[in-house]
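> quick one, fold the following:
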Amino acid sequence: MSSGNGTRRKVGKLQHFNNTFDPETLTEIQGLFSKVRTYVKPSNGEWCIPDPNVALRHSAEEHCRLQTLKASLNDVKNQLSDKNVEVWHQHTNSTNRAGKVIAAVRSAANAEICTQAWCKFSEILGTFNLLPEEALRNGELNTIHLCEAPGAFITALNHYIKTSESTRYCDWSWAANTLNPYHEANGGSTTIADDRLIANTLPWWFFGSDNTGNIMIQKHLLELQAFVANMRRVDVVTADGSFDCQEKPDEQEALVASLHYCEVTAALLLLSPGGSFVLKMFTLYEHSSVGLLYLLNCCFRSIDVFKPATSKSGNSEVYVVCLNYDGKEAVRPLLSKLIRNYGPHLADQEALFPKSLVPESFLKQHEEVCSYFHTLQVETITENLRLFKGMSTEQRQRLDYIRDCAAQEYLQRFQVSFLPRSRWISRNTVSPACCSVSAGRPLGQKKQTGSFNERRELQTLSWRERIERGCHATWIQRHCTEAVGTSCVLEGPLSECHMDSWYVIVGAALPAVRNSPFCEGGLLNHLNEALMDSAVDWTRPPPCDSCHVTCTASILSDVAALCIFTADSDGIKKKKQCLVFGSCSVWGACESQLGDLVLTFSAEPSVPQRGCITLHDGEPRYQQQLLGCVLFSLQNLNSGDALLLPVLSAFTRVTAAVVLCLHLCFRSVTFRCLAPSGVVGTVLVCVGFCPEAAARILPFLDDVHNCVGQLLGGEKDSGKNLPSGCDSQVLQFVPMEELLTGGLTEFLRTMNSEIIQQKLHLLMQS
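Next up, the predicted model:
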């Protein structure tokens, strides 16, 4: 093992700093940017891939010395269990030597998605010769980015290519994969909601045939290979995946082991000879990590384990930088076996290689790598604990000085240059997606609060108690007012819509709606928890005496007031129709006519059965009926007519697209919340029908309706190449680019928030 330069770029010892700086500062800053260990292969060639027949066949054996390091690290980490995570993060941010780098880069570089991940990957690019010389010589670079949301590695690479002399004229192509932030079944703890890049570059993102984006599914691996088949060669693969392990921090490495196996298998399959691979890992103590690191050392000419300065030194994160791939031929028999066993439980099986076949010379170097990063992490946590008790003025001034020096060194060491916004990726795409994405969406994953011990205690409480202790408590306990929905208006008919780009996406049937781009994830989690409580009858929640109940008569009066009545030649007003979907229990008391407004009643979509409660509006039969109601409306309404359509919610892309269709066809669309009494409690109020706009939509909407019906009936339509059976459903029929444009997203988020608030408010009473 070596800490020498190897295949790294040559950077002199802080040649950027003034010589008058004290030696202690120079040493500290130098160390900050030099946290790397390199594996050195023996000259006798003993590091070679074992016989594939012995792979994944033997029980795992723990490495005692590595497990000792794990226990030691966890003992230190346990001292953080009583620390409030927000207070602790604020403290460690203030002690982080590289804590001012991101702000400095944002100021100097005008970088796209300038996050910590952007800075880390820029460090990797500036420290290692990651881009193969052959690619640069030929002027063609092809890269694939796994588990990439929100896309900072891609934007950092774009910035590097556009601002570096050696690469600025390089023809660069890329493709990326991540858990689809728009797929409703993807859980909030594993899915990054930040879609700033994704929304504007969707054609470059691979989500697989089931639309989830889960790279740990075997068929997705082979589909990804086909997705990038147009690349003449693949020069770089990055894999930045992880799970939310904050509830089991002591087992982070084991929890992500199968993901790492899948990422490595994908890289070995996709990369061309001479290519590079960057893999995010954590501690390297488990047998799974030992096997993977040994495999990578057998497949690449150079392996470095690198801790970027901008990776917080108190965490376990490291990047394995693999350069100069030997190529698939060298690993083909083992690769075939890894692909056959590929999946979310790959690391749960037997050891990748039996311990006896991993050379002692490798294990010795690996233990030294682990010991080095263990020492760095323990020293940081210990220092942070000491400074948490109190920091002198002198200590704070010294720390701030070091932070300023580190930021300046980063800018100069990695030659950070300004990049005009016009050269960003999301401003450089040919897709019609390049429109203004709604700015009100939440970014990132769920925010941790309280201490680890408090969060663990929280999991033992009921859903009601968790809500009462949470940040949404006051809002959920707010009583409904009459004004709900009236001020939220979609004004139409919407003329700017790229209907020629609409297409149907069919994927795996949703087991539940756990995530939505059209509502706040924490609220949806609360609602799902409440609905799963067997003691709650969600179809008949008790009324709240303090809430204002919107009566149907007031909604109809509003519709009549909004309708524009024209007169014939004799001065007699022409009557307008209001098509009302709803059961007699809600609308039965209404007259059939209100002034010049003639009411026509029809049955509403039926509410999903008890077993589908967490599917919400994602239940396929409900969606079929909802589409049927819209089709019937567009076929039977006349110019200027109105529509009252109850909806469960608009969490899914299908229902969101239904609302967009109504936005296209009516002068105005609002919503009103009724008191739920065994029926849907929210009504879309659509006024001023436009037949010309509806005529454009009807044929496509009819096809979507038929597609939903065929999948429900288990019929296979060879013309559309649909999968058969109830294991598939229509997930989307309007591109996300359209659903995220204009005021639609804000409208849906407002409506869904009111729906969740009302349901939780009433369920809290039951």
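> give me the number of residues near the residue nearest to Glu529 when sequence neighbours are not counted?
Take Glu529 and drop its neighbours on the chain: the residue closest to it by Cβ to Cβ, 6 or more residues apart in numbering is Trp463, 4.0 Å away. Yep, even glycine has a C-beta here, placed from its N, CA and C like the rest. As a burial measure, Trp463 scores 20 neighbours (other Cβ atoms under 10 Å).
> what sits against Trp463?
By Cβ atoms under 8 Å, 6 or more residues apart in numbering, the residues touching Trp463 are His526, Glu529, Ala530, Asp533.
> pLDDT score assigned to it?
On pLDDT, Trp463 comes in at 82.
> buried sites along stretch 460-475?
For stretch 460-475, a neighbour-count test (16 or more other Cβ atoms under 10 Å) marks Trp463, Arg464, Arg466, Ile467, Gly470, His472 as buried.
> ok, now which ones touch the fifth one?
I take that to be Gly470. By Cβ under 8 Å, 6+ apart, the residues touching Gly470 are Gly522, His526.
> for it, give its distance to Leu599.
Gly470 sits 43 Å away from Leu599, going by Cβ to Cβ, to the nearest Å.
> ok, now the third one?
Relative to Leu599, Arg466 is positioned 44 Å away (criterion: Cβ to Cβ).
> now Thr481
In this view, Thr481 and Leu599 are 26 Å apart by Cβ to Cβ.
> and His270, how far from Ala149?
Slight slip there: residue 270 is Leu, not His. Distance from Leu270 to Ala149, by Cβ to Cβ: 19 Å.
> compare the two and say which is more crowded by neighbours.
Ala149 (25 against 22).
> surely that one and Arg196 touch.
No. In terms of Cβ atoms under 8 Å, Ala149 does not count as a neighbour of Arg196; the distance is 9.8 Å.
> about what we covered before: quick one: which of Thr481 and Leu599 has more around it?
Of the pair Thr481 and Leu599, Leu599 is the one with more neighbours under other Cβ under 10 Å, namely 19 against 11.
> kindly indicate whether that one is helix, strand or coil.
At Leu599 the chain is in strand, as set by DSSP: H, G, I helix; E, B strand; the rest coil.
> next, find the distance separating it from Cys629.
Noted for Leu599: a distance of 16 Å to Cys629, by Cβ to Cβ.
> can you check Ser554 too?
Counting by Cβ to Cβ, the gap from Ser554 to Cys629 is 23 Å.
> between those two, which one's more packed in?
Comparing Ser554 with Cys629 by other Cβ under 10 Å, the one with more neighbours is Cys629, at 21 against 12.
> on that earlier part again, and the residue nearest to Glu529, how far from Tyr342?
37 Å.
> cool, Gly709 as well?
35 Å.
> looking at these two, which is more packed in?
Legend: neighbour count by other Cβ under 10 Å for Gly709 and Tyr342, higher for Tyr342 (23 against 16).
> how about the spatially closest residue to that one that is not a sequence neighbour, what does it touch?
Closest residue in space to Tyr342, ignoring its immediate chain neighbours: Gln218 at 4.5 Å, by Cβ to Cβ, 6+ apart. Counting by Cβ under 8 Å, 6+ apart, Gln218 touches Ile339, Tyr342, Gly343.
> return the member of those residues nearest to Asp617.
Among the contacts of Gln218, Gly343 lies closest to Asp617 (Cβ to Cβ), at 30.9 Å.
> and that closest one, which of the three is it?
Classified using three-state DSSP, Gly343 is coil.
> per-residue confidence at it?
pLDDT for Gly343: 90.
> re the thing from before, what would the buried residues of stretch 460-475 look like in a markdown table with distance to Ala309 and secondary structure?
As requested, the buried residues of stretch 460-475 are exported to a markdown table (distance: Cβ to Cβ, whole Å; DSSP: H, G, I helix; E, B strand; the rest coil):
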| residue | distance to Ala309 | secondary structure |
| --- | --- | --- |
| Trp463 | 42 | helix |
| Arg464 | 46 | helix |
| Arg466 | 38 | helix |
| Ile467 | 41 | helix |
| Gly470 | 36 | coil |
| His472 | 38 | coil |
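> kindly provide the whole-number mean pLDDT of the longest helix along the chain.
If you go by DSSP state H, the chain has its longest helix at helix 360-388. Per-residue pLDDT values over helix 360-388 give a mean of 97.
> other residues contacting the next helix or strand after it?
Following helix 360-388 in sequence order, the next helix or strand is helix 393-413 (DSSP states H and E). When contacts are defined by Cβ under 8 Å, 6+ apart, helix 393-413 is touched by residues 11, 14, 16-17, 21, 25, 28-29, 32-33, 94-101, 103-105, 108, 119, 123, 126, 309-310, 387, 391, 416.
> return helix 393-413 as CSV; C-alpha atoms alone will do.
In CSV, the C-alpha atoms belonging to helix 393-413 read as follows (Å, rounded to 0.1, in the frame of the first residue of the first chain):
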residue,chain,number,x,y,z
THR,A,393,-12.1,32.7,21.1
GLU,A,394,-8.6,31.8,20.1
GLN,A,395,-9.7,28.3,18.9
ARG,A,396,-12.6,29.8,16.9
GLN,A,397,-10.3,32.4,15.2
ARG,A,398,-7.8,29.7,14.4
LEU,A,399,-10.5,27.5,12.9
ASP,A,400,-12.0,30.3,10.8
TYR,A,401,-8.5,31.1,9.5
ILE,A,402,-8.0,27.5,8.5
ARG,A,403,-11.4,27.4,6.8
ASP,A,404,-10.6,30.5,4.8
CYS,A,405,-7.2,29.0,3.7
ALA,A,406,-8.9,25.7,2.7
ALA,A,407,-11.5,27.5,0.5
GLN,A,408,-8.8,29.5,-1.2
GLU,A,409,-6.6,26.5,-1.7
TYR,A,410,-9.5,24.6,-3.3
LEU,A,411,-10.2,27.3,-5.8
GLN,A,412,-6.6,27.5,-6.8
ARG,A,413,-5.6,23.9,-6.6
